[in-house]
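> what shape does this take:
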Amino acid sequence: MQKDLIQTSGPMASPALVILAFATVYIVWGSTYFFIQMAMSGFPPLLLGAIRFLVAGTLLLGWCLGQGERIVIKSSLITSAVVGILLLVVGNGVVIWVEQTLPSALAAILVSSAPIWFVLLDKPNWVINFKSKATIGGLVIGFIGVIVLFGEQLSDLFAGNTDKSKLIGMGLLVIGSIAWSSGSLYSKHHPSEGSPTVNVAWQMIIAGLVFLPGSLLNDEFARVQWAHIPTQAWLALGYLILFGSIAAYSAYVWLLQVRPATQVSTYAYVNPVIAVILGVLFAHEPISLLQITGLVIILGSVLLINLSKYYAEKNRPLDEEDSDAKFDNRVAGVDI
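Here you go, the predicted structure:
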């Protein structure tokens, strides 16, 4: 899949294919929040994560095996385990868990702050990041956006009227975003051998295996009624496997070959907007003007931070750009 895309495309990729790939990444990744909530109408959260990643990872690994790729590299398996647990078990697992009580749109809004944590936790690049006024300004604005986003919940908390389960869920999403950023940075400083597709397949399989004992301890296998799972839950699960964990990933990796990485990274700004639109239109989820304001502020801060990186990249030597491109390709597969 990945090889086919890359071999049939190059620097002069068809504009139509580029638009289609961007649409896939924007819409599919933005819609996964909505479809996670739909899938949970029939599947318990941890079992949903286990099935999704085990099936997607197995399909992807089977495809790699069919392509003759080397699929077992001990050092890469260790890295894949660490990255898979941080990103898919903690980062994505938190999203699945909290969507039992939080609207998918709000979950997407909170997750959109992940790039801010990436800058804060990237210690080796603190000197570069914090020399930039745009980066510092973006971090300050992002913090303000989070305060605005939590404004109503914080007000209710001080008034003693808050739903503590929702407040806990929002806090868990912040932890999930930190884990996602930490996993990405670990991947950056611990490069894996083998193809990105093989590494991502193992990340998903390992994550799925980690979800299983949690599902057993949560007594989910005993509670799930397989014969009564709604058709829409099965369809949502299929969508998450085929489109969320395979198709969008392939489109993203291909885009990194033919478009600037900074342009491809704009998915982080668009995904929450797609999630909000789907949640409001199809799930009738409530969202307040204050929360929308917080969303706009957070996305603005992330854009400001990335603009500073964009202008820095324009002035970098070619060899440094090639090194960054290799890192982008390694990290691409973990954002599923």
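
> where does the stretch 101-250 of the chain dip in pLDDT?
Across the stretch 101-250 of the chain, the ranges flagged by pLDDT under 70 are 105, 153-154, 156-163.

> which residue ranges form the helices in it?
Under the criterion DSSP state H, counting those that start in this stretch, the stretch 101-250 of the chain contains helices at 104-111, 114-121, 126-131, 133-149, 151-159, 164-189, 196-217, 220-223, 231-239, 248-258.

> spatially nearest residue to residue 51, not counting backbone neighbours?
residue 237 (6.6 Å; C-beta to C-beta, 6 or more residues apart in numbering). For glycine as for every other residue, the C-beta is placed from the backbone atoms N, C-alpha and C.

> and the one you found, how many neighbours does it have?
Other residues lying near residue 237 total 23 when counted by other C-beta atoms under 10 Å.

> please apply the same query to residue 259.
15.

> ok, now which ones touch it?
Shown in contact with residue 259 (C-beta atoms under 8 Å, 6 or more residues apart in numbering): residue 18.

> give me that answer again for 10 Å
For residue 259, the contacting residues are 11, 13, 18, 21, 22, by C-beta atoms under 10 Å, 6 or more residues apart in numbering.

> got it, and residue 247?
With contacts defined as C-beta under 10 Å, 6+ apart, residue 247 is in contact with 1, 21, 24, 25, 28, 239, 241.

> residue 244 versus the third one, what's the distance?
Here the distance between residue 24 and residue 244 works out to 11 Å (C-beta to C-beta, to the nearest Å).

> same check, this time on the second one
Relative to residue 244, residue 21 is positioned 15 Å away (C-beta to C-beta).

> nearest to residue 272, of the helices of the stretch 101-250 of the chain?
helix 104-111 (4.3 Å; C-beta to C-beta).

> tell me the angle that closest one makes with helix 133-149.
If you take axes from the mean of the first three to the mean of the last three C-alpha atoms, to 10 degrees, helix 104-111 sits at 150 degrees to helix 133-149.

> okay, residue 24 and residue 244: which has more neighbours?
residue 244 (23 against 20).

> skipping its backbone neighbours, what lies nearest that one in space?
With C-beta to C-beta, 6+ apart as the criterion, residue 244 has its nearest non-adjacent residue at 4.4 Å, and that residue is residue 32.

> check residue 49 too.
Nearest residue to residue 49 in three dimensions, chain neighbours excluded: residue 211, at 4.3 Å (C-beta to C-beta, 6+ apart).

> what's the local residue count around residue 91?
By other C-beta under 10 Å, the residues close to residue 91 number 27.

> contacts only, for it.
Neighbouring residues of residue 91 by C-beta under 10 Å, 6+ apart: 85, 111, 114, 173, 175-184, 207, 334-336.

> try it again at 8 Å.
Residue 91 makes contact with 176, 177, 179, 180, 183, according to C-beta under 8 Å, 6+ apart.

> mind checking pLDDT for it?
Looking at residue 91, its pLDDT stands at 90.

> same check on residue 16?
Residue 16 is given a pLDDT of 87.

> in contact with the residue nearest to residue 30 when sequence neighbours are not counted, which residues?
Closest residue to residue 30 apart from its sequence neighbours, by C-beta to C-beta, 6+ apart: residue 274 at 2.6 Å. By C-beta under 8 Å, 6+ apart, the contact list for residue 274 reads 26, 27, 29, 30, 31.

> okay, now the nearest residue to residue 182 once chain neighbours are set aside: neighbour count?
Sequence neighbours aside, residue 86 is the residue nearest to residue 182 in space, at 5.6 Å (criterion: C-beta to C-beta, 6+ apart). If you count neighbours by other C-beta under 10 Å, residue 86 ends up with 24.

> my read is that residue 86 contacts residue 178, right?
No - under the criterion of C-beta atoms under 8 Å, residue 86 is not in contact with residue 178, lying 9.5 Å apart.

> on that earlier part again, which member of the contacts of residue 91 is positioned nearest residue 223?
Nearest member of the contacts of residue 91 to residue 223, counting by C-beta to C-beta, is residue 176, at 23.9 Å.

> ok, now which ones touch residue 268?
With C-beta under 8 Å, 6+ apart, residue 268 has these contacts: 112, 114, 115, 302.

> what about residue 18, how many neighbours?
For residue 18, the neighbour count with other C-beta under 10 Å is 17.

> what helix or strand is it on?
helix 15-39 (DSSP states H and E).

> in that helix, what counts as buried?
In terms of neighbour count (16 or more other C-beta atoms under 10 Å), helix 15-39 has its buried residues at 17-18, 21-22, 24-39.
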